[in-house]
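Participant: what's the 3D shape of this:
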Amino acid sequence: MRQFPPRRIVCLTEETVETLYLLGEQERIVGVSGYAVRPAQVRREKPRVAAFISADIPKILALEPDLVLTFSDLQADIVSGLIRAGVAVHAFNQRDLAGILAMIRTVGALVDAAERADQLAASYERRLATIESAARPLRRPKVYFEEWDDPLISGIGWVSELIEIAGGEDVLPKLRFQQAAKDRIIAPDVVRAAAPDVILASWCGKKVVPDKIRKRPGWSDIPAVRNDRIIEIKSTIILQPGPAALTDGLDAIVKALWPAPQSA
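Facilitator: Below is the predicted model of the structure:
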């Protein structure tokens, strides 16, 4: 017999883990993705049962979950295996800020904490509005966000929106509507022509090497390269479509675009 609210939840991506902790519902979590690092105690408290596109199905089943939370078509094979095994699955697919806020509210509804989840989402909506309305110079810095380096992949939807909220101008705004990474692959000359003032890079879990960016043919003319404004943003705070992106991720973008003046 299925329980409501579910008592034993497995989260196969990080953002639902962080959301449940923020709602005070972490006791329901019995298994997590190996990429779950927020909050820090999750690595000590919860068994890891999956990577991102692979999972230990027998290990998940042994946890006897009432519900498994997944993300995107990239986990479709895992989902199908769990469904065939009779497990209840909720698959999220948020790719923009509205989707992230809806995910938070949906997770809350799934664990009978809808009011707390709505309050949490509303607090993020206020935060985004406050940061967006901050007084800044009229000229918005042009920003290129690099999600991967070979091939070059530009930023996904929520990243593009956060750049604009932080006061920047995404140099490739139309690509935000492309959900799949393969549809955001670009030629190096596209970035060169866009002439960004700032390059933000987050190579999806791999350490960014600014020198590799500087040495790309023809890129020495790009203002961001010329003025040494190549900044790494950790993937754990910007490429997870959840609370991390709305807090630490957005703060990192603001800091990169509007660095504090150096004291004398």
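
Participant: Flag every buried residue along stretch 127-145.
Facilitator: Leu128, Ile131, Arg140, Pro141, Lys142, Val143, Tyr144, Phe145 (16 or more other CB atoms under 10 Å). To be clear about C-beta, it is placed using only N, CA and C from the backbone, and glycine gets the same treatment.

Participant: so the last one touches Leu200, yeah?
Facilitator: Put plainly, it is Phe145. Yes. If you go by CB atoms under 8 Å, Phe145 and Leu200 touch, sitting 4.7 Å apart.

Participant: Pull up the overlap in contacts between those two.
Facilitator: Shared contacts of Phe145 and Leu200 (CB atoms under 8 Å, 6 or more residues apart in numbering): Gly155, Ile163.

Participant: where along the stretch 151-264 of the chain do the strands fall?
Facilitator: 152-154, 169-170, 198-201, 230-232 (DSSP state E, counting those that start in this stretch).

Participant: Output the contacting helices and strands for the one helix or strand Leu101 maps to.
Facilitator: Assessed by DSSP states H and E, Leu101 sits inside helix 97-110. Helix 97-110 is packed against helix 14-22, strand 89-92, helix 114-132, helix 157-165, with contacts defined by 3 or more CB pairs under 8 Å, 6 or more residues apart in numbering; DSSP states H and E.

Participant: thinking again about what came up before, next, format the buried residues of stretch 127-145 as TSV and append distance to Ala40.
Facilitator: TSV is the format used below for the buried residues of stretch 127-145 (distance: CB to CB, whole Å):
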residue	distance to Ala40
Leu128	25
Ile131	25
Arg140	35
Pro141	32
Lys142	35
Val143	30
Tyr144	31
Phe145	26
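
Participant: which of those residues lies closest to Ala166?
Facilitator: Ile131 (6.7 Å; CB to CB).
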